[in-house]
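> Okay, sequence plus prediction incoming.
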Amino acid sequence: MENEKVIDQLLDAALMHVPFDGWGQASFDAVVADSGVAPDVARAVCPRGAVDLALAYHKRGDDQMLRRIHDEDLSALRFRDRVAAAVRFRIEAAEDKEIVRRGTTLFALPQYASDGARAIWGTADKIWTALGDRSDDVNWYTKRTILSGVYSSTVLYWLGDESDGNQATWEFLDRRIDDVMQFEKVKASLRDNRAFNTVFAGPLALIGKIRAPSRAADDLPGQWRNR
């Protein structure tokens, strides 16, 4: 809990610097000075400096999204609309487009690309889990992979959106969700197709052994069903 308070102090100070200086060393040094956090303490909670602070900022947005999902009554919505609402909540959790743009630039760098991919995957996982996903097979992976793509493409569209109330972004999001639903319909039709299941019996049997990772795991590995 103490670490979380320190990170919150750093993030609050970062909101004034990152839009101008990005998530870099100079910005991190200024954040530490303005926050009143001792430099050694700041380094203890953010060993990689601005990179870890950027990831903490992403997590803050995830947490805000989750609170909104739990606070809002989504029960009357179709499931596809619940997913769209969750993605919208996540984007609306950002305080400043420029802060997100700076983060996008940071995580586009090869040395930090895996951190960015993990953060986006984590957001998709949190959305599916909050909406009650119970899949424990290969669908666990496909749902999160597809939603990661929807979320990241919508964020990129939003960064360049100058429409009133970001209306163009929400329309773009709806189109992406519709594309996903069409894909799910194709999957369902193939699953019920006897000829397809006969031809691809071997690969399908292999895929059927894939399990979702244990929630205790931090690196989201796959595992096989017991033979």
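Cool, the structure landed. Numbers count the residues shown, from 1 in each chain.
> Run through the residues that contact the residue positioned nearest the centre of the chain.
The centre of the chain sits closest to residue 123, judged by C-alpha atoms, centre = their mean, with a distance of 2.4 Å. Listed by C-beta atoms under 8 Å, 6 or more residues apart in numbering, the contact set of residue 123 reads 58, 62, 65, 90, 148, 151. The C-beta positions use only the backbone N, C-alpha and C, and glycine is treated the same way.
> Whatever helix or strand it lives in: how far from the chain's middle?
Assigned by DSSP states H and E, residue 123 belongs to helix 113-130. Offset of helix 113-130 from its chain centre (C-alpha atoms, centre = their mean, to the nearest Å): 4 Å.
> cool, and stretch 98-117?
The answer for stretch 98-117 is 13 Å, by C-alpha atoms, centre = their mean.
> For burial, what's the neighbour tally of the spatially closest residue to residue 107 that is not a sequence neighbour?
Leaving aside its chain neighbours, residue 107 sits nearest to residue 116 (2.7 Å; criterion: C-beta to C-beta, 6 or more residues apart in numbering). Neighbours of residue 116 under the rule other C-beta atoms under 10 Å: 20.
> now residue 7
22.
> if I pick it, what's in contact with it?
45, 46, 53, 56.
> check contacts around residue 41.
residue 6.
> Grab the CA positions of the helix or strand it falls within and hand them over as PDB.
Using DSSP H and E, the element containing residue 41 is helix 39-45. C-alpha atoms of helix 39-45 as PDB (Å, rounded to 0.1, in the frame of the first residue of the first chain):
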ATOM      1  CA  PRO A  39      15.000  10.000  -5.200                       C
ATOM      2  CA  ASP A  40      16.000   6.700  -3.700                       C
ATOM      3  CA  VAL A  41      12.400   5.900  -2.800                       C
ATOM      4  CA  ALA A  42      11.300   6.800  -6.300                       C
ATOM      5  CA  ARG A  43      13.900   4.500  -7.800                       C
ATOM      6  CA  ALA A  44      12.800   1.700  -5.400                       C
ATOM      7  CA  VAL A  45       9.200   1.800  -6.700                       C
END
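> Helices along this protein, start to end?
Ranges of helices in the chain, per DSSP state H, are 2-21, 25-35, 39-45, 50-71, 79-92, 97-106, 113-130, 138-159, 167-191, 194-199, 201-207.
> Kindly reformat the ones you listed as JSON lines and extend each row with mean pLDDT and distance to residue 213.
Output for the helices of the chain, formatted as JSON lines (pLDDT from 0 to 100; distance: least, C-beta to C-beta, whole Å):
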{"stretch": "helix 2-21", "mean pLDDT": "94", "distance to residue 213": "25"}
{"stretch": "helix 25-35", "mean pLDDT": "96", "distance to residue 213": "32"}
{"stretch": "helix 39-45", "mean pLDDT": "96", "distance to residue 213": "27"}
{"stretch": "helix 50-71", "mean pLDDT": "97", "distance to residue 213": "18"}
{"stretch": "helix 79-92", "mean pLDDT": "96", "distance to residue 213": "21"}
{"stretch": "helix 97-106", "mean pLDDT": "97", "distance to residue 213": "26"}
{"stretch": "helix 113-130", "mean pLDDT": "96", "distance to residue 213": "10"}
{"stretch": "helix 138-159", "mean pLDDT": "93", "distance to residue 213": "8"}
{"stretch": "helix 167-191", "mean pLDDT": "78", "distance to residue 213": "21"}
{"stretch": "helix 194-199", "mean pLDDT": "53", "distance to residue 213": "27"}
{"stretch": "helix 201-207", "mean pLDDT": "49", "distance to residue 213": "16"}
